[in-house]
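S.K.: let's see this in three dimensions:
(2 chains)
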Amino acid sequence: MNVLYAIAFLVLAPLLGGLIAGIDRKLTARMQGRVGPPVLQPFYDVGKLLEKEHAIVAISQNFFVLAYLVFIAFSGAIFFAGGDLLLVVFALTLAHVLLVLGAFAATSPYSFIGAERELIQLMAYEPMVVLAAAGFYIATGSFSVSEIAAFPRPLIVLLPGIFVGLFYVLTMKLRKSPFDIATSHHAHQEIVKGVTTEFSGSTLGMVEVAHWYETVFLLGLFWLFFAWSPVIAVIAVAILYLAEIFIDNATARVKWGFALRSIWAVTLVLSALNLFALQFFGGL
Amino acid sequence: MDILLFLLLAPLIAAVLLFALPNHPVRDWLVRIAAVVIAGASVYLLATAFDKGTQLVTFPTEPAGQVMTGLAVVIALYIIAMGAKYRKLIPIVLALVQTGLLLWFELGYAPGMHAEHNLFVDEFSIVMALIIGIIGSAICVYAVPYMRTFHEQHPEVADHRRAFFFVLFVFLSAMFGIVFSNNLAWLFFFWEVTTLCSFVLIGYSKTTEAIDNSFLALVLNLVGGIGFVGALLWLGMTQGTIELDRLVGAGAAVALVPATLISFAGLTKSAQLPFSSWLLGAMVAPTPVSALLHSSTMVKAGVYAIVKFAPVLSGTLPGIFVGLVGGVTFLAASAIAVTQSNAKRVLAYSTVANLGLVVACAGIGTYEAVWAAILLIIFHAVAKSLLFMGVGSVEHQVHSRDIEDMAGLVTRMPRVGVMMLIGMAGMYLAPLGMLISKWATLRAFIDAPGGIIFLLLIAFGSAVTVFFWAKWMGIIIVRPNHAEMIEDRVPWDELSVLGLVAFLVVAASLLFPWVSKVLLEPYVFEIYGKVAELGQDNVIIMLLMMGAVIVLPLSLLYFRSGRHRLDPYMSGRPTTADMHFSGSLGIQREMGLHNYYMDDWFGEQRTFRAGVVVTVLLIVLMFAGLFVAGGLA
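M.R.: Just a heads-up that it's a prediction; the model follows:
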């Protein structure tokens, strides 16, 4: 494991993640025929949130959100340090459960519904993420991110099913339509503000920063499929994110039942086919 | 090895003494002293035996064996008498069949089968002994105040506390017997004693429901017991060995038939589908009984036997099917747990599910899988006993075991509430114990042949697990509409036991690298010549996370001051302090929060039926596998 990479992630990921969010908003605006905010707008937003009044509903909600931020950053740091991919997945689960608990602690009808929906999201995407980690292991013989990244052959060729499945889930992880069922960046399809209803000021700022960290981590995860060639990897990850922005603007939120059912179906079919094939033709 | 005999006999002596004493503080103190002595003795066993590998003990077969046979007949007569009293035919038939087979074995074959080593201890037995000795004893101590409150609140139930504590301690003794017996006939005797003890304890309140459920548990475990006798008879007929170490060491070619039969018995005892209904029915018993059955006794005996035979099952068709029964049970029971709002039933389904994982590991039977299985057993025992006792204490104050009635528990019963949160986190969240086990299980599954099916089962099953635990945690931490502090009514000794076990949950998670190094790795190495381990980097990551989890709550001190408290967002409706808002037509309504139970997704009956169909098929295939190419895949 490389501690320097972990530190670099902790420092640089919010900058990169915020920038991506800014570009995202700009492109989204253009797709909707608007001018859109400056690219640095997300940083201005978070800066303003940090200056706001410390208003809370329950004391413990801030603790849960802080812990959420810490563990999101932590799981990303393990990932970029080249640590064990399964532990990254577990730390990420812990982080999201903490966010959910923060929403529960607020004891408001809207954040409660948001919390239940966030849990349904967690339940929907978790199998795919675990199976993706397993897929990397079966393909490369290691759970270690550094060894997976150093794998000399293109993993996208070995794990096409896992790749597509993970991309299907990515929409939900990035809180984008049609799977933004717990909270959304689009005001027009929101149950108040879902899981973040009762978070305000610096607490909401922490949720935003955590989201930036997670975005960078997720893009890193997709990087692994193309890690044998950094140039192709950068292009591929950029295309993936652009595709997500397009999907986000071209679709409306679906019901949670459909989201859960379709994600599980995609996960089961694609990862089972891919993993069995990989094990069967493993020697190729 | 006098300590083994001491652990076998001390609970028995305590049981007899407790039976002699009336309801009196003296008896309460005797329970506490006996618990401390038994726990101390199990720690002493660890201290003296952990570095010595497998130790076989030559203990004379006679007269102990004859006494056991005699007692087995007495147990059968008791079951028949109870069956006659409550007009239950099936248990009578099963008891007759089982005892008939046993006597056939004892009289026909046993004299010719010489057992040199009747007792033994190895690292796995030490782990089990610690679980029985510490967790089991703690539950007995907890039972003292619990049963007092129980009888105050249920005057209609006849007070048989003398018999109750007698059976509790006999149970512990029988469990020690199971994990120290090298003679399979002895192991079977203790096995049947645990069946009888659970029968008596489940029927404690003597209501119709309790009686029916106790007979259900009896019937299913007797069916399993017949499988066990079948193994003994098969060994007798083929002139095999009756000694566990030799049988396991002989490998699949010799031992696969008895291993499969005993695994079948283990499936019934550890409440795997299709036999899980007895453990759910057992919820009618007083809560300490549930805690005991689920954490340190009974179901753990079932998985102990299967894990013990894992080296034999490894790579065989019956082994794969045993494992699949466990995997399917894990998925189905986790899904059903989502739909349950009765706290004890959630805990029960979660037990069934986790034992399913253990069984899956044992069926796979590779060195990594066995390592993972023992880790699962340890962490499940600690966390689950904490949760059961927590629910018991809550039930006595809130007068409900419904999860929805636990809203705001951290405010109403702060210490119990936080301890339950620790127990739940211990069941599924990083960096606590069960997650380490799940990590190990996943690795073991991937490396196993045919592991992808297991992988799919665990991936979906654990996602569902996260859902039902997290929503329960959520209910506990919401702010209640009517905050009334009710914790001071919980007896001091209940709180102390809860505190101790909560500490053990955290301690076990901190100490596991050491436990793994000192006990599990040597055990696995002795059998397989290979070692499964966590890796130093991963230990560091886990410890860093533990550190963060312990330090982060300190931030609450910072967040406590300088904040502006607002009311939750209620769409601008006028709302009172206790969350009554003006609804339409001027009607005042109370704000209520209720969890999702997804009944139309995972409905109990539907999921259970599907699980039964699949697992019955798998069990049939398991036995059929014995006939395919001698069972060797």
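S.K.: any idea of the mean pLDDT for the helix ranked longest in chain B?
M.R.: Using DSSP state H, we find that the single longest helix of chain B is helix B:367-398. Across helix B:367-398, pLDDT averages out at 94.
S.K.: close to chain A, is that helix?
M.R.: No: counting by CB under 8 Å from any CB of the partner chain, chain A has no neighbours in helix B:367-398; the shortest distance is 12.6 Å. Glycine gets a C-beta too; all of them are placed from N, C-alpha and C.
S.K.: go on, stretch B:345-358?
M.R.: No: Stretch B:345-358 is not in contact with chain A by CB under 8 Å from any CB; minimum separation 14.1 Å.
S.K.: ok, back up a step: show me what the helix or strand that comes right after the longest helix of chain B is packed against.
M.R.: Next helix or strand after helix B:367-398 toward the C-terminus (DSSP states H and E): helix B:409-412. Counting contacts by 3 or more CB pairs under 8 Å, 6 or more residues apart in numbering or on different chains; DSSP states H and E, helix B:409-412 is packed against helix B:414-428, helix B:451-477.
S.K.: tell me the strands in the stretch 101-250 of chain B, going along the chain?
M.R.: Secondary structure of the stretch 101-250 of chain B (DSSP state E, counting those that start in this stretch): strands at B:119-121.
S.K.: looking at it, what residue ends up closest to chain A?
M.R.: Of all residues in the stretch 101-250 of chain B, residue B:127 sits closest to chain A, at 23.8 Å by CB to the nearest CB.
S.K.: for that residue, what are its contacts?
M.R.: If a contact means CB atoms under 8 Å, 6 or more residues apart in numbering or on different chains, then residue B:127 has B:374, B:377-378, B:515, B:519-520 as its contacts.
S.K.: filter those residues down to the buried ones, PyMOL style.
M.R.: Filtering the contacts of residue B:127 down to the buried ones (16 or more other CB atoms under 10 Å in any protein chain shown) takes a single PyMOL command:
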select buried, chain B and resi 374+377+378+515+519+520
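S.K.: ok, of the contacts of residue B:127, which one's closest to residue B:504?
M.R.: Among these, residue B:378 lies closest to residue B:504 (CB to CB), at 10.2 Å.
S.K.: and that closest one, how close does it get to residue B:269?
M.R.: 19 Å (CB to CB, to the nearest Å).
S.K.: circling back to that earlier point, quick one: buried residues of the longest helix of chain B?
M.R.: Quick answer for helix B:367-398 (16+ other CB under 10 Å): B:367-398.
S.K.: got the angle for that helix vs helix B:451-477?
M.R.: 20 degrees (axes from the mean of the first three to the mean of the last three CA atoms, to 10 degrees).
S.K.: find the nearest non-adjacent residue to residue 54, please.
M.R.: This is for chain A. Among residues not flanking residue A:54 along the chain, residue B:563 sits closest, at 4.7 Å (CB to CB, 6 or more residues apart in numbering or on different chains).
S.K.: wait, chain B
M.R.: residue B:122 (4.1 Å).
S.K.: do residue B:86 as well
M.R.: In space, residue B:86 is closest to residue B:211, 5.8 Å off (CB to CB, 6+ apart).
S.K.: which bits of the stretch 401-550 of chain B sit near chain A?
M.R.: B:408, B:429-431, B:435, B:438-439, B:442-443, B:446, B:452, B:455-456, B:458-460, B:462-464, B:466-467, B:470-471, B:473-475, B:477-479, B:535, B:537-538, B:541-542, B:544-545, B:548.
S.K.: whichever of the residues you listed end up buried, select them in ChimeraX.
M.R.: Isolation of the buried members of those (16+ other CB under 10 Å) is achieved in ChimeraX through the command below:
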select /B:408,429,430,431,435,438,439,442,443,446,452,455,456,458,459,460,462,463,464,466,467,470,471,473,474,475,477,478,479,537,538,541,542,545,548
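S.K.: show me the strands in the stretch 451-600 of chain B, by range?
M.R.: Using DSSP E, counting those that start in this stretch, strands in the stretch 451-600 of chain B cover B:564-565, B:580-582, B:588-590.
S.K.: give me whichever of those is most buried.
M.R.: When those are scored by mean count of other CB atoms under 10 Å in any protein chain shown, the highest mean neighbour count falls to strand B:580-582 (a mean of 15).
S.K.: that strand near chain A anywhere?
M.R.: No: under the criterion of CB under 8 Å from any CB, chain A is not reached by strand B:580-582; the shortest gap measures 9.5 Å.
S.K.: who does that strand touch, helix- and strand-wise?
M.R.: Against strand B:580-582 (3+ CB pairs under 8 Å, 6+ apart) you get strand B:588-590.
S.K.: identify the residues contacting the strand it packs on?
M.R.: Counting by CB under 8 Å, 6+ apart, B:481, B:578-583 sit against strand B:588-590.
S.K.: how about those residues in a markdown table, adding pLDDT?
M.R.: Putting those into a markdown table (pLDDT from 0 to 100) gives the following:
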| residue | pLDDT |
| --- | --- |
| B:481 | 76 |
| B:578 | 83 |
| B:579 | 86 |
| B:580 | 87 |
| B:581 | 88 |
| B:582 | 87 |
| B:583 | 82 |
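S.K.: redo those residues as CSV? Include distance to residue B:59.
M.R.: Conversion of those to CSV gives the following (distance: CB to CB, whole Å):
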residue, distance to residue B:59
B:481, 62
B:578, 66
B:579, 66
B:580, 70
B:581, 72
B:582, 77
B:583, 74
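S.K.: the strand or helix carrying residue B:82: which residues count as buried?
M.R.: For residue B:82, the host element (DSSP H and E) is helix B:64-85. Residues B:65, B:68-69, B:72, B:75-76, B:79-80, B:82-83 are the ones in helix B:64-85 that count as buried (16+ other CB under 10 Å).
S.K.: related to what we said a few turns ago, got a pLDDT number for the residue nearest to residue B:54?
M.R.: Residue B:122 is given a pLDDT of 93.
S.K.: ok, and the closest non-adjacent residue to the most centrally placed residue in chain A?
M.R.: Chain A has residue A:173 as the residue nearest its centroid, 3.8 Å off, counting by CA atoms, centre = their mean. Distance criterion CB to CB, 6+ apart; nearest residue to residue A:173, sequence neighbours excluded, is residue A:218 at 5.7 Å.
S.K.: and the one you found, how many neighbours?
M.R.: By other CB atoms under 10 Å in any protein chain shown, the residues close to residue A:218 number 24.
S.K.: contacting residues for it?
M.R.: Per CB under 8 Å, 6+ apart, neighbours of residue A:218: A:170, A:173-174.
S.K.: now those residues as JSON lines including secondary structure?
M.R.: Listed next are those as JSON lines, based on DSSP: H, G, I helix; E, B strand; the rest coil:
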{"residue": "A:170", "secondary structure": "helix"}
{"residue": "A:173", "secondary structure": "helix"}
{"residue": "A:174", "secondary structure": "coil"}
